[in-house]
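In: build me a structure from this.
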Amino acid sequence: MNEDAKTTPFEEMRTYLRAIGQGPRAGRDLTREEATAAIGLILDGEATPAQAGGFLLLQRYKGESVDELLGFIDAYRSRASLIRPAVEGLLDIGSPYDGRKKSIVVSPASAIVVAAAGAPVVLHGEKDMGPKHGVPVGDVLEALGIDVDAEPVAVQSAIESHGLGYMRQERFVPAVHAARGLREEVALRTLFATVEKIANVAAARYSIIGIAHLPYKDKMLDAASANSFERVLVVQGIEGNEDVPTSRPCRAFLRDGDETTELTIDASQYGLEAASKEEMEGGDARHNAEIAESIFAGQKGAYRDLITLNAAVRLWLAERTPDIAAGIDLARQTIDSGAAVEKLEALRAVAHA
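Out: As a prediction, this is how the structure comes out:
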């Protein structure tokens, strides 16, 4: 781009809109640097509301390239409070920030089991995020009595001391949080929904991400791997999220270094009880928290198997077990020994310290 086109933010944004908005023949993807600049203009309030909304919608219908995703991540991270917990093998849970409405939320309970089994975990999100406005992981953690509104230094300390932390977007990336009104007006999931799941603000080594549309998996794997994750699992899970169901086989794709492997995670192969349609029905954050509490207190059945399977997948992904079967054994031992409920109580104590 020539310098004349950059005389004002308004004209610069017009240039990016022309580049991506002229259809499949005349249009083009932005370079990584252009993508960084374009989303920066939006986050810094230098693009007009019409330009910002138009850009997000055009990107949604065009489909982001890997370089564009990496550029958007660069802009996101440059405005974030980055942390680097002094732990070995941190696992990042890339759960959708707008939550879940139709089914229960498994990640918070499974994350506590994983942390109790010795693998550090970081979760992240925000409250009442559109367009779905479902129950996000943070609301369930909050209902369990865990602090979900801590400053970055406190989150880093929690990960180092107790193996689990939650990063609220408002605390870590306020510039993106400030754009929530724009996201609400657009009324559709935008590039932010992808970027915030794989931005890797905590310098994690491992990542699990849910995906609804399988044709997008290669872009997700490429972008996540290029963003310092060494081992990434993309899961076509419950509602297209990262939680693996017990009621059906689940397709997943592992990127380990340069190698990608497709696998099917089938709970029936491990003798686990399938959760019924009624058991899988969603509820509020308190409902999800009560499920976790009942399992940690010793309740058997489909909920326990669902939490166990998801903990096992995460333990295997984080290389704490050689396979998912061994992960199931470790997760069961962690629950039965009381280590999971002890971990929950320790996290609650941090929140009330």
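In: what's the closest non-adjacent residue to residue 126?
Out: Closest residue to residue 126 apart from its sequence neighbours, by CB to CB, 6 or more residues apart in numbering: residue 169 at 4.1 Å. Bear in mind the C-beta positions are built from the backbone N, C-alpha and C, glycine included.
In: so what pLDDT did that neighbour get?
Out: On the pLDDT scale, residue 169 is placed at 98.
In: mind listing what it touches?
Out: 97, 124-126, 176-177, 196 (CB atoms under 8 Å, 6 or more residues apart in numbering).
In: so what secondary structure elements neighbour the helix or strand harbouring residue 55?
Out: Secondary-structure assignment from DSSP states H and E places residue 55 in helix 49-62. Using 3 or more CB pairs under 8 Å, 6 or more residues apart in numbering; DSSP states H and E, the elements in contact with helix 49-62 are helix 9-20, helix 32-43, helix 180-186, helix 191-198.
In: if we use 7 Å, what do you get?
Out: helix 9-20, helix 32-43, helix 180-186 (3 or more CB pairs under 7 Å, 6 or more residues apart in numbering; DSSP states H and E).
In: any buried residues in the first one, and which?
Out: Think helix 9-20. For helix 9-20, a neighbour-count test (16 or more other CB atoms under 10 Å) marks 9, 12-13, 15-17, 19-20 as buried.
In: next up, phi/psi of the residue positioned nearest the centre of the chain, please.
Out: Ranked by distance to the mean C-alpha position of the chain (CA atoms, centre = their mean), the top residue is residue 94 at 1.5 Å. Torsion angles at residue 94 (phi, psi; degrees, to the nearest 10) stand at phi -90, psi 70.
In: hmm, it is touching residue 207, no?
Out: Yes - taking contacts as CB atoms under 7 Å, residue 94 lies within contact range of residue 207: 5.8 Å.
In: who touches both of these two?
Out: Shared contacts of residue 94 and residue 207, defined by CB atoms under 7 Å, 6 or more residues apart in numbering, are found at residue 198.
In: what's the span of stretch 230-249, first residue to last?
Out: End-to-end span of stretch 230-249 (CA to CA, to the nearest Å): 26 Å.
In: so how many other residues sit close to the closest residue to residue 240 other than its chain neighbours?
Out: Computed as CB to CB, 6+ apart, the closest residue to residue 240 that is not its neighbour in sequence is residue 212, at 2.8 Å. Look at residue 212: counted by other CB atoms under 10 Å, it has 12 neighbours.
In: CSV for the helices and strands packed on helix 49-62, including mean pLDDT and distance to residue 220?
Out: Output for the helices and strands packed on helix 49-62, formatted as CSV (pLDDT from 0 to 100; distance: least, CB to CB, whole Å):
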stretch, mean pLDDT, distance to residue 220
helix 9-20, 97, 20
helix 32-43, 98, 16
helix 180-186, 94, 20
